[in-house]
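> Below is the structure, and that's it, no one-letter string:
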C-alpha cells in the first residue's frame with residue numbers, strides 16, 4: 001500500500017493536475033473533432049497553472065493550516081517537555097553534496113525548528129524520525145548529521161529509522177538510538 005500511495009499521490013499534486021488538464025486538452029485538439037472543448041480545456045489548464053504558480057494562491061491555502069499550530073515562543077508554559085520529535089520530509093542522499101543539500105527544504109526547515117525548540121528545553125531529547133523509502137540511507141540519519149553539525153550532542157539524539165511515512169510506521173519494537 002505504501003508504494004502504491006507514493007506512486008499515485010504525485011498525480012494529484014497541483015502541477016500534475018494542471019499538466020493532466022493540459023494534456024487532455026491537447027488530446028482533444030489533436031485527435032478528436034471537439035476543438036472548442038479542447039481549447040476550453042487547455043485554457044482552464046493554463047489558468048489553473050498560472051494561479052498555482054504564484055505564491056498568493058499557495059499562501060491562501062497554507063495559512064489556515066500553519067496558523068492552526070503557532071510556533072512555540074513562550075517556553076514558560078512548557079517546562080516539562082522531554083521530547084522534540086522531528087518528522088522527515090524527504091531527502092536525496094548523495095555523498096558528493098553537502099549534507100544540507102541532501103535534505104528536502106521541508107526536512108531542513110523541520111530539523112532547524114526542532115533544534116531551536118530542543119535548545120530551549122535543555123533536558124529534552126531530539127527524536128528524528130524517517131526511514132529509507134527509496135534509498136539505503138534512512139532520512140533520520142541524514143537529519144542527525146545536520147543536527148550534530150549544528151551543535152547537538154549525539155547523546156541528545158534518538159533516531160527512528162524504520163518508518164516510511166507518518167501513517168505507516170515501521171515494525172513494532174524497533175530500536176531507537178544514534179548509530
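Here it is on my side, so go on. Because the structure is a prediction, the values reported are computed rather than measured. Numbering: from 1, shown residues only.
> Could you chop the protein up by domain?
Using automatic domain parsing, the domain parsing of the chain gives 2-67, 73-160.
> where exactly do the helices run in this protein?
2-8, 14-31, 35-53, 55-68, 99-102, 105-120, 139-149 (DSSP state H).
> Identify the residues contacting the third one?
For helix 35-53, contacts defined as Cβ atoms under 8 Å, 6 or more residues apart in numbering pick out 14-15, 17-19, 21-22, 24-30, 32, 57-58. (C-beta placed from N, C-alpha, C; glycine too.)
> most tightly surrounded among the helices of the chain?
The highest mean neighbour count among the helices of the chain, using mean count of other Cβ atoms under 10 Å, belongs to helix 139-149: a mean of 22.
> What distance do you get for the closest residue in space to residue 99 that isn't next to it in sequence to residue 105?
For residue 99, ignoring the flanking residues on the chain, the nearest one in space by Cβ to Cβ, 6 or more residues apart in numbering is residue 145 at 4.6 Å. For residue 145, the distance to residue 105 equals 17 Å [Cβ to Cβ, to the nearest Å].
> again, but for residue 43
32 Å.
> Repeat that for residue 5.
Per Cβ to Cβ, residue 5 is found 21 Å from residue 105.
> Name the helix or strand of this protein that has the lowest mean pLDDT.
Sorting the helices and strands of the chain by mean pLDDT, DSSP states H and E puts helix 2-8 at the bottom, at a mean of 76.
> So, low pLDDT: which residues of this structure?
Along the chain, the parts satisfying pLDDT under 70 run over 1-2, 165-179.
> Which residue of it lies farthest from its centroid?
residue 33 (42.6 Å; Cα atoms, centre = their mean).
> which ones are touching the spatially closest residue to residue 41 that is not a sequence neighbour?
Once flanking residues are discounted, residue 41 sits nearest to residue 25: 3.3 Å by Cβ to Cβ, 6+ apart. Each residue near residue 25 by Cβ under 8 Å, 6+ apart is listed here: 38, 39, 40, 41, 42, 43, 44, 45.
> Could you single out the nearest of the residues you listed to residue 109?
Ranked by distance to residue 109 (Cβ to Cβ), the contacts of residue 25 are led by residue 45 at 30.7 Å.
> so residue 78 touches residue 121, yeah?
Yes: counting by Cβ atoms under 8 Å, residue 78 touches residue 121, with 7.2 Å between them.
> Neighbour count for these two, which is higher?
residue 121 (18 against 12; other Cβ atoms under 10 Å).
> Just list the residues touching the more buried one, thanks.
Residue 121 sits in contact with 75, 78, 81, 82, 84, where contact means Cβ under 8 Å, 6+ apart.
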